[in-house]
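[1] Next come a sequence and a model predicted from it.
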Amino acid sequence: MSSQTANDSTSGIDFQRIGLYAVLAAMAAFYLSPLESGLMTAFKSQEAFIGSTPFVPPPPSGFTVEPWFEAWSRLQLGVFNSLLLAIPATALSAVFGSLAAYGLTNVNWRGQVAVIVLFVAGIFVPYQSVLVPLTQFWTMVGLDEILAAVPMLAERSGLIELIITHTAYGIPICTILFRSYYATIDPEMLEAARLDGATVARIYWKIILPLSVPIFAVTLIYQFTQIWNDLLFALVLLTSPGNQVVTLSLNQLQGSMVQQYNLQMAGAFVAALPTLVVYVLFGEQFAEGVAGET
């Protein structure tokens, strides 16, 4: 009797596990189906796409990699410009956010609460609400005229404006993320450093900064993705074709008469590749930062 009961129990556990795996597989398939459809479309010729459903693999006669080569040829300038924009803007907003969070967490001074409220409010300011004053501000500044003495920088004035804009816009969210992380650091360790005569700058450089690698990964991935995918600010601030970022170039893949969906899908994957690379490089630190590990 006991042997039969054990067999029934084992069988029930197996059925539960099989059912769980089946549900997880169905959810994964549902979640990944748009990705699979886009990938299949990117490898189809225009005729094969018209004659088949999107998620079905292309037939041998309809398989082509031409959309990928054409997408890269039309997006490579935008990819390069987006890297020139995203890398410094991401790094600057993360560094400034870290410094601001350190000052708001581990240094006592009057008015901290009011400043924290301003940082929190800055997170919720939508892009659309600042487009007109932002455009007027950069028109008044005349950055291209200021940089006229250095032709190389003058040609990139639009990208420099975008770098400054995204840095300023990213500081509030970076500050709040860093502040939440720094609040988990043992205050006794910092107090011991102060008793040993360490200055505020030395404590940050020797203690806080080495412990900040996971949260830096979180902010770098978040900011890089946000900046890389931005279209609105780029559409308003960039006027020179030579400064086009990847989102503007990707938007121009949309045809006016005929929609080349295979080209658009290939371009979307090419444009998404840098963000995927960033996540792969910093994925482990990202998980630690999200978990709040110090």
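    Structure's in. What do you need? Numbers count the residues shown, from 1 in each chain.
[2] which SSE is the residue positioned nearest the centre of the chain in?
    When CA atoms, centre = their mean is applied to the chain, the residue found nearest the centroid is residue 225 (1.3 Å). Using DSSP states H and E, residue 225 sits in helix 213-228.
[3] Tell me which residues of that helix come out buried.
    When neighbours are counted by 16 or more other CB atoms under 10 Å, the buried residues of helix 213-228 are found to be 214-228. Bear in mind the C-beta positions are built from the backbone N, C-alpha and C, glycine included.
[4] With stretch 50-69 instead?
    For stretch 50-69, burial by neighbour count (16+ other CB under 10 Å) applies to 52, 54, 58, 62, 64, 67, 68.
[5] Quickly note the distance from residue 165 to residue 138.
    According to CB to CB, to the nearest Å, residue 165 and residue 138 sit 8 Å apart.
[6] Touching both of these two, which residues are there?
    Residues touching both residue 165 and residue 138 comprise residue 237, with contact defined as CB atoms under 8 Å, 6 or more residues apart in numbering.
[7] The two: who's more crowded?
    Neighbours per residue, other CB atoms under 10 Å: of residue 165 and residue 138, the larger number sits with residue 165, 23 against 20.
[8] List the residues that contact the closest residue to residue 228 other than its chain neighbours.
    Using CB to CB, 6 or more residues apart in numbering and skipping the chain neighbours, the partner closest in space to residue 228 is residue 86 (5.0 Å). Taking CB under 8 Å, 6+ apart, we find residue 86 in contact with 224, 227, 228, 274.
[9] And stretch 170-184, how far out from the chain middle?
    16 Å (CA atoms, centre = their mean, to the nearest Å).
[10] I meant to write stretch 176-188 there.
    Relative to the chain's own centre, stretch 176-188 is displaced by 23 Å; criterion: CA atoms, centre = their mean.
[11] now do stretch 17-25
    Computed by CA atoms, centre = their mean, the chain-centroid distance of stretch 17-25 equals 32 Å.
[12] got a list of contacts for that stretch?
    Contacts made with stretch 17-25 from outside it, assessed by CB under 8 Å, 6+ apart, are absent: no residue qualifies.
[13] what is the mean pLDDT for it?
    Confidence over stretch 17-25 (mean pLDDT, whole number) is 89.
[14] One more: stretch 90-101?
    Predicted confidence along stretch 90-101 averages 94 (mean pLDDT).
[15] Residue 197 and residue 103, how far apart?
    Per CB to CB, residue 197 is found 20 Å from residue 103.
[16] More neighbours: which of those two?
    Legend: neighbour count by other CB under 10 Å for residue 197 and residue 103, higher for residue 103 (17 against 7).
[17] roughly how far apart are the more buried one and residue 97?
    11 Å.
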